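Engineer: sequence-free structure coming up:
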């Protein structure tokens with residue numbers, strides 16, 4: 001996988017990280033579920049990039 005594809009995947013996961021974190025914080029009202037969401041999102045992005 002070339003570097004431009006890896007950067008594209010990081011951008012593609014960056015938008016849900018920002019928007020999704022705000023939605024989850026609005027629903028849950030604390031930062032713990034946001035941290036769990038972010039960690040899961042980074043694991044998925046890391047798994048895709050490591051291929």
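Structural biologist: Yep, that arrived. For clarity, every value in this text was computed on a predicted model and none was experimentally measured. Numbers count the residues shown, from 1 in each chain.

Engineer: Torsion angles phi and psi at residue 35?
Structural biologist: Main-chain dihedrals, residue 35, degrees, to the nearest 10: phi -60, psi -40.

Engineer: again but with residue 2, I slipped
Structural biologist: When read as degrees, to the nearest 10, the backbone of residue 2 gives phi -80, psi 170.

Engineer: in the protein, which spans are helices?
Structural biologist: Taking DSSP state H as the test, the helices found in the chain are 3-28, 31-50.

Engineer: give the contact list for residue 17.
Structural biologist: Counting by C-beta atoms under 8 Å, 6 or more residues apart in numbering, residue 17 makes contact with 38, 41. The C-beta positions use only the backbone N, C-alpha and C, and glycine is treated the same way.

Engineer: Repeat the analysis, applying 6 Å as the threshold.
Structural biologist: Contacts for residue 17 (C-beta atoms under 6 Å, 6 or more residues apart in numbering) come out as residue 41.

Engineer: Next one: it relative to residue 2, how far apart?
Structural biologist: Separation of residue 17 from residue 2 (C-beta to C-beta, to the nearest Å): 23 Å.

Engineer: just residue 41 next, same as before
Structural biologist: 23 Å.

Engineer: Flag the shaky bits of the protein, pLDDT-wise.
Structural biologist: Scanning the chain for pLDDT under 70 picks out nothing.

Engineer: switch the cut-off to 90
Structural biologist: For the chain, residues meeting the criterion pLDDT under 90 lie at 1-17, 42, 44-51.

Engineer: circling back to that earlier point, and residue 41 and residue 2? Which one has more around it.
Structural biologist: residue 41 (16 against 7; other C-beta atoms under 10 Å).

Engineer: which residues does the more buried one contact?
Structural biologist: Residue 41 touches 13, 17, counting by C-beta under 6 Å, 6+ apart.
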